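[1] A structural model of the following input is requested.
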Amino acid sequence: MSDVQFHAPPTVFPNHLTLMVQDMEKQKQFYTKQLGMTVIQESETELFLGANKEDALLTLKTTAGVADKSSRQLGLFHVAFLLPNRELLGQLVYHLLENNYPVQGASHHLVSEAFYLADPEGNGIELYADRPAASWAYQSGQVVMTTERLDVDGLLAVREQAPFSLLPSHTRIGHLHFHVHNLEDIRHFYENGLGFAVMTTYGDQALFMAQANYHHHLAFNLWAGSNAPRRSERQVGMVSYSLMYPDEHARTQANASALWAIHFKIRLHSSSTPPVHALS
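    Prediction:
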C-alpha cells in the first residue's frame with residue numbers, strides 16, 4: 001500500500017478539528033503566519049483554515065466568556081499535521097525557529113520524524129513527516145514505534161531552501177491524540193463501532209489505533225490523570241473532530257449498524273459548513 005492511501009479512500013481517517021478559542025485574532029495570526037495556513041472562510045465568531053482554499057483542516061470558534069484551558073483536562077492532547085515529506089517539514093520548522101517560536105520537543109518515532117509545540121492558547125500541535133512505510137517494522141501485528149532523539153540539524157540541513165510562506169497544499173491531519181479516562185471503553189468503541197485496529201500500546205497508559213495498517217490515525221492516553229475534568233462548553237480546547245469516510249454508505253448505513261450493535265445511540269446529520277466534508 002502506498003503512503004497516500006493511509007489518508008485517502010477507502011481508509012477512514014480524521015480530517016478536521018474544531019477548537020474553541022479566546023482570542024480569535026491572536027490565533028488567526030499564529031495559524032496563518034507561523035504555520036502558513038490559508039483562510040477559507042471567516043466571520044466574527046468562526047474561522048475556517050486549511051492547507052488550500054478548498055478543504056478546511058481546522059475551524060476556530062469563539063463566543064463571549066471563554067475560559068482558559070485547564071492544565072490537565074480530558075480532550076485534545078495534540079493535533080498532528082502531516083507534511084508531505086521531511087524536506088518540507090524542515091522548511092516549516094526552520095521558519096518557526098527563525099521566528100523564535102517555542103518548539104517544545106523533537107522525536108524520531110521510527111515510523112516518523114516529529115516536532116511538538118502549542119498554539120498561543122495551549123492546544124498541542126505535532127508537525128511530522130512519515131518515514132517510508134516500507135521501512136516500518138511490525139511485531140505480532142503491531143507497528144514498532146519508539147521515542148528517540150531526532151537529528152534536528154540533519155533534518156534542517158536537507159530542508160527545502162525556499163523561504164517558507166504557506167503550508168504545503170497536501171498537508172493533512174495525520175492523526176489526533178486525546179487525553180481520556182478509560183482505554184478499554186475507548187478501544188471497544190473505536191474497534192467494534194468504527195472499525196479501527198489497535199496498532200500498538202504503551203503499557204497500560206496509551207493506545208494507538210488506525211485503519212489500513214497505518215501507525216496511528218487516533219491515539220489515546222491516561223496521562224492527564226484519573227481526576228482530569230472534562231472541558232466545559234465555554235472553555236478553550238477541542239469542540240469536535242470529523243472522520244472522512246469513502247462514501248455515504250460507509251458513513252451512515254454500515255457505520256450506524258456497527259454502532260447500534262454495540263448499543264451506542266447516534267445522530268446522523270450533514271455538515272452546515274461547506275468547507276468541511278465529513279461528519280462531526
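[2] who touches the one helix or strand residue 113 maps to?
    Remark: residue 113 resides in strand 112-118, with elements defined by DSSP states H and E. Here strand 112-118 makes contact (Cβ atoms under 8 Å, 6 or more residues apart in numbering) with 78, 80, 86, 89, 93, 96, 101-108, 124-131, 150, 155, 215. Where you see a C-beta, it was placed from the backbone N, CA and C, and this is true even at glycine.
[3] helix or strand next in line after that strand, which one?
    Following strand 112-118 toward the C-terminus (DSSP H and E): strand 124-130.
[4] partners of the next helix or strand after that following strand in the sheet?
    Downstream of strand 124-130, the first helix or strand assigned by DSSP H and E is strand 138-139. Taking DSSP bridges as the criterion, strand 138-139 forms sheet pairs with strand 142-143 (antiparallel).
[5] elements contacting the next helix or strand after the partner strand?
    Along the chain past strand 142-143, the next helix or strand (assigned with DSSP H and E) turns out to be strand 148-149. If contacts are counted by 3 or more Cβ pairs under 8 Å, 6 or more residues apart in numbering; DSSP states H and E, strand 148-149 sits against strand 105-108.
[6] and the strand it packs on, C-alpha only, in CSV?
    Presented in CSV, the C-alpha positions along strand 105-108 are these (Å, rounded to 0.1, in the frame of the first residue of the first chain):
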residue,chain,number,x,y,z
GLY,A,105,10.3,18.8,21.6
ALA,A,106,11.5,16.8,18.7
SER,A,107,11.4,13.0,18.4
HIS,A,108,12.2,10.2,16.0
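[7] list the buried residues in it.
    106-108 (16 or more other Cβ atoms under 10 Å).
[8] also stretch 55-74?
    In terms of neighbour count (16+ other Cβ under 10 Å), stretch 55-74 has its buried residues at 55-62, 66, 69-70, 73-74.
[9] start and end of stretch 115-122, how far apart?
    End-to-end distance of stretch 115-122 (Cα to Cα, to the nearest Å): 15 Å.
[10] buried set for it?
    By 16+ other Cβ under 10 Å, the buried positions in stretch 115-122 come out as 115-117, 119, 121.
[11] that stretch - what's its average pLDDT?
    The average of the pLDDT scores along stretch 115-122 is 98.
[12] quick one: the helices in the chain?
    Assigned helices in the chain, in chain order: 24-29, 86-98, 152-157, 183-188, 248-249, 255-261 (criterion: DSSP state H).
[13] rewinding a little: identify the farthest-apart pair in the buried residues of stretch 55-74.
    With distance counted by Cβ to Cβ, no two of the buried residues of stretch 55-74 lie farther apart than 55 and 70, which are 31.0 Å apart.
[14] present the buried residues of stretch 115-122 as CSV; the columns should include distance to residue 135.
    Shown next, in CSV, are these (distance: Cβ to Cβ, whole Å):
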residue, distance to residue 135
115, 20
116, 22
117, 26
119, 31
121, 36
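[15] widest-spaced pair of those residues?
    115 and 121 (18.8 Å).
[16] how far off centre is stretch 177-196?
    Averaging C-alpha positions (Cα atoms, centre = their mean, to the nearest Å) puts stretch 177-196 16 Å from its chain's average.
[17] what lies in contact with that stretch?
    Counting by Cβ under 8 Å, 6+ apart, 12, 72-80, 124, 126, 197-198, 204, 206-207, 209-211, 217-224, 226, 228, 243, 255, 258-259, 261-262, 264 sit against stretch 177-196.
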